[in-house]
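**Q** the following comprises the amino acid sequence and a computationally predicted model.
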Amino acid sequence: MMFHRVVIGIALTMGCVSSFSSPGHSILARPMQSSTTSRFSTMIEKSEISDSVSKENKELTSSSEMPTAWECNEEAECVEVPACNDEECRTTLDVRIHGKWYDLSGWRKAHPAGPHWIDWYDGRDATEVMDAFHTQKGREMYKRLPASAPETAAVLEASAAPYSQTELNFRKLRDQLESEGWWERDFVHEGKLLAIWASLVTGAALTAESAPPLSTFLLGLSMTNAGWLGHDYIHGVDKFSQVMRPFAAVAAGLGPTWWSDKHNKHHALTNEMGVDEDIATDPFLFPYVPDPKYDSPLRKIQHYIFYIPFSFLFALWRVDTLKVAVDSVESKRPDAKNELWYLLAHYFVLLTFFPAQVWVPAVFLSGLMSALIVTPTHQSEEYFEEYQPDWVTAQFESTRNAVTTNPFSEWLWGGMQYQLEHHLFPSMPRSKYPSLKPILAKFAEENKVPGGYRESGEFEILYMNWDLYRRVAESDAIPGAPYSRGNGQLGAIDMGTSPGAGGVGLGKFM
């Protein structure tokens with residue numbers, strides 16, 4: 001009962017804010033522009049004309065050419081089924097992977113990560129996303145899915161952007177790295193990182209009563225460290241990562257399902273305005289100048305108060321995690337009940353061994369440290385008003401690495417200083433990133449990537465982050481500037497079920 005009351009108290013205390021995530025930037029403002037990417041196929045809702053559909057279905061029933069669609073299970077085994085019922089007709093949902101168009105309309109519901117991922121790539125290429133986020137098994141399964149109809153594939157191919165030479169060269173690089181074993185985990189390194197985390201937790205517990213400030217500091221460090229470890233494991237595709245996937249929930253109170261939905265979208269559609277939740281942090285922080293109707297008085301002082309919303313990062317992530325965990329159980333998403341139990345175990349330990357005067361400030365300290373790390377690496381780079389078909393080039397253009405200056409910083413950044421390496425190869429163990437750095441620098445040079453391999457010192461990049469907020473704060477609002485929750489394009493935040501839909505916290509009222 002004690003736990004139940006405290007969790008409800010946390011949710012009520014922070015519930016005024018829905019979803020704060022790491023902001024990014026590259027321009028102060030651009031005029032609003034709708035995406036030119038059209039949705040070629042979808043589930044056509046026809047409830048308002050159900051009588052007409054029913055009549056058509058009866059006519060089709062008597063015809064020898066009744067339309068069919070696909071229905072697939074979780075093993076990507078598909079069978080043909082009638083496309084229409086009394087209320088709706090399902091059309092194809094076509095996605096290109098490695099040059100071939102697939103009809104994923106029957107697979108979307110069976111997709112383990114949720115149907116929304118399939119919807120976002122309707123009429124688009126998903127090659128890099130498929131390779132970046134999926135296990136070897138998943139990368140073979142899609143080949144069993146039904147191909148798009150030849151006439152549909154021809155139309156889509158004609159309208160889709162051709163693969164750039166940079167994309168093709170990147171796929172060769174990925175194949176080479178996979179053949180060389182870059183995804184093999186260094187278990188000695190993993191053991192050291194886990195031992196550091198365990199030592200921090202133990203030290204925090206032992207000093208909770210005798211030295212609360214020290215305990216708060218150690219616990220805050222452990223939470224940030226647990227976040228980076230869990231981040232690596234949730235992204236991972238190896239067996240060890242699958243076993244360790246619940247670590248973020250148990251050690252940091254952050255659910256893998258929430259993390260995957262939000263964070264992988266950030267990876268897939270980095271810095272796309274209105275789509276990437278990591279740059280939708282208004283009304284507390286504006287990474288670019290907004291339209292007057294979405295403005296907030298807080299923007300004018302954001303460079304003075306940025307550390308306050310930064311400190312709320314971990315707390316708000318925890319609230320969003322609980323929301324998504326409950327929703328996932330209700331919608332029967334895979335492993336949702338187990339994930340909820342892991343979260344309950346985390347709060348049981350937290351509330352049993354640490355008094356509120358320790359764990360509450362530790363959550364905010366951890367939020368501040370984490371935000372100072374995750375916000376700068378996309379902040380000063382390009383923003384995109386539209387979907388970027390060349391995913392590889394977009395990652396180079398929207399990402400900047402931080403060069404750490406000492407061993408403590410190297411550990412504290414948790415691999416996020418190698419942000420580009422992580423964005424291009426998110427499932428690769430982070431211990432490999434230092435060795436990968438010169439390879440990607442050479443790749444950028446050889447492929448003449450705009451802006452090249454971008455990096456700045458850890459303090460310089462923090463200053464760039466602060467200076468961005470200052471410049472945005474001193475600018476006048478611009479009519480027609482892009483709305484941070486989207487303009488109806490595929491993946492728009494307001495078009496989904498994300499905790500960030502409709503605005504962040506007070507943004508719904510301001």
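**A** Structure's in. What do you need?
**Q** setting aside sequence neighbours, what's the nearest residue to residue 286?
**A** Nearest residue to residue 286, sequence neighbours excluded (C-beta to C-beta, 6 or more residues apart in numbering): residue 299, at 4.8 Å. All C-beta spots, glycine's among them, are computed from the backbone N, C-alpha and C.
**Q** what sits against that neighbour?
**A** Going by C-beta atoms under 8 Å, 6 or more residues apart in numbering, residue 299 touches 282-283, 286, 290, 472-473.
**Q** my guess is it is in a strand, correct?
**A** No: secondary structure of residue 299 (DSSP: H, G, I helix; E, B strand; the rest coil): helix, not part of a strand.
**Q** what about the strands in the stretch 401-510 of the chain?
**A** 401-403, 455-457 (DSSP state E, counting those that start in this stretch).
**Q** quick one: list the elements packing against the first one.
**A** The contact analysis (3 or more C-beta pairs under 8 Å, 6 or more residues apart in numbering; DSSP states H and E) places strand 401-403 against helix 376-379, helix 419-424, strand 455-457, helix 458-473.
**Q** next: the last one.
**A** Based on contacts counted as 3+ C-beta pairs under 8 Å, 6+ apart, the elements that strand 455-457 packs against are strand 401-403.
**Q** how about the strand it packs on: buried residues?
**A** Going by neighbour count (16 or more other C-beta atoms under 10 Å), the buried part of strand 401-403 is 401-402.
**Q** and that strand, how far out from the chain's middle?
**A** On the basis of C-alpha atoms, centre = their mean, to the nearest Å, strand 401-403 sits 21 Å off its chain's mean C-alpha point.
**Q** pull the residues that contact that strand.
**A** 376-377, 413, 416-421, 437, 453-458, 461.
**Q** name the residues that touch the helix or strand where residue 128 lies?
**A** In the assignment (DSSP states H and E), residue 128 maps to helix 127-133. Contacts with helix 127-133, where a contact means C-beta under 8 Å, 6+ apart, come from 96-99, 121, 138-139, 142, 167, 170-171, 174, 235, 264, 267-268, 391-392, 424-427.
**Q** residue closest to the middle of this protein?
**A** residue 263 (1.8 Å; C-alpha atoms, centre = their mean).
**Q** for residue 153, see how far away that one is.
**A** 32 Å (C-beta to C-beta, to the nearest Å).
**Q** and what of residue 400?
**A** The value you get for residue 400 to residue 153, if C-beta to C-beta is used, is 38 Å.
**Q** more neighbours, those two?
**A** residue 400 (24 against 18; other C-beta atoms under 10 Å).
**Q** now that one, what are its backbone angles?
**A** With angles defined as degrees, to the nearest 10, residue 400 sits at phi -130, psi 130.
**Q** list the contacts of it.
**A** Residue 400 neighbours (C-beta under 8 Å, 6+ apart): 376-381, 419-420, 454-456, 461.
**Q** now flag whichever of those residues is closest to residue 210.
**A** Using C-beta to C-beta, residue 376 comes nearest to residue 210 of the contacts of residue 400, at 36.4 Å.
**Q** for the stretch 251-400 of the chain, which spans come out with low pLDDT?
**A** Within the stretch 251-400 of the chain, no range satisfies pLDDT under 70.
**Q** one more time with 90
**A** 258-265, 277, 331-335, 379-380 (pLDDT under 90).
**Q** what's the neighbour count on the nearest residue in space to residue 355 that is not next to it in sequence?
**A** Leaving aside its chain neighbours, residue 355 sits nearest to residue 208 (6.2 Å; criterion: C-beta to C-beta, 6+ apart). When counting by other C-beta under 10 Å, one arrives at 20 neighbours for residue 208.
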